[in-house]
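Student: coordinates for the following, if possible.
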Amino acid sequence: MSITSETVLKVRYSETDQMGVVHHGNYAQYLELARIDWLSRLGVSYKSMEENGVMLPVFTLDLKFKKSAFFDDELTVKTSLRKIPTVTIVFDFEIFNSNRELLTTASTTLVFVNSKTRKPIPCPSHVLEKIKKSFIT
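Tutor: Have a look, this model is predicted:
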């Protein structure tokens, strides 16, 4: 099992194409919002991490589209931590519409990086402690 959270988003008109379908490029933003929300619920400020010299660039992004999302849909992004982080942190996502139909599955791998050297570093200890306290095995 893993730590999960749910983030609710409303599809804006500007995020859709001429057919009223959410453009695929917007899903990366939805995942980012959900990741930051996940960290916040854990008690970790992404902004504070950056201020302390830690960045989290995306290393991999995998999306699988099952059904379309449309303008004005209310989406729920379920975010799960796959495993205890090391130098990387891996999240799995499921995106549902208001009828709880699964629209999209996704995963991202991010790398903890020192903002000055741009080199990978281990997960900060204060983040790791909070995750280990919350992680269900």
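Student: quick one: residues contacting the residue most central in space within the chain.
Tutor: Geometric centre of the chain, nearest residue: residue 35, 3.0 Å, by C-alpha atoms, centre = their mean. Contact criterion C-beta atoms under 8 Å, 6 or more residues apart in numbering gives 79, 91, 108, 110 as the residues in contact with residue 35. Glycine gets a C-beta too; all of them are placed from N, C-alpha and C.
Student: and it, how far is that from residue 44?
Tutor: As judged by C-beta to C-beta, to the nearest Å, residue 35 and residue 44 stand 11 Å apart.
Student: would you confirm that residue 62 belongs to a helix?
Tutor: No - when classified by DSSP: H, G, I helix; E, B strand; the rest coil, residue 62 is found to be strand rather than part of a helix.
Student: which pLDDT value goes with it?
Tutor: Looking at residue 62, its pLDDT is 98.
Student: send me stretch 38-56 as PDB with only the CA atoms.
Tutor: Output of stretch 38-56 as PDB, limited to C-alpha atoms (Å, rounded to 0.1, in the frame of the first residue of the first chain):
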ATOM      1  CA  TRP A  38       0.100  15.500  -2.100                       C
ATOM      2  CA  LEU A  39       3.300  17.000  -0.600                       C
ATOM      3  CA  SER A  40       1.400  19.800   1.100                       C
ATOM      4  CA  ARG A  41      -0.900  17.300   2.800                       C
ATOM      5  CA  LEU A  42       2.200  15.400   4.000                       C
ATOM      6  CA  GLY A  43       3.400  18.700   5.600                       C
ATOM      7  CA  VAL A  44       6.100  19.400   3.000                       C
ATOM      8  CA  SER A  45       6.200  22.700   1.200                       C
ATOM      9  CA  TYR A  46       7.600  22.500  -2.300                       C
ATOM     10  CA  LYS A  47       8.400  26.200  -2.200                       C
ATOM     11  CA  SER A  48      10.400  25.600   1.000                       C
ATOM     12  CA  MET A  49      12.300  22.700  -0.600                       C
ATOM     13  CA  GLU A  50      13.300  25.000  -3.500                       C
ATOM     14  CA  GLU A  51      14.300  27.800  -1.100                       C
ATOM     15  CA  ASN A  52      16.500  25.300   0.600                       C
ATOM     16  CA  GLY A  53      18.300  24.300  -2.600                       C
ATOM     17  CA  VAL A  54      16.300  21.200  -3.600                       C
ATOM     18  CA  MET A  55      14.600  20.900  -7.000                       C
ATOM     19  CA  LEU A  56      12.400  18.000  -8.300                       C
END
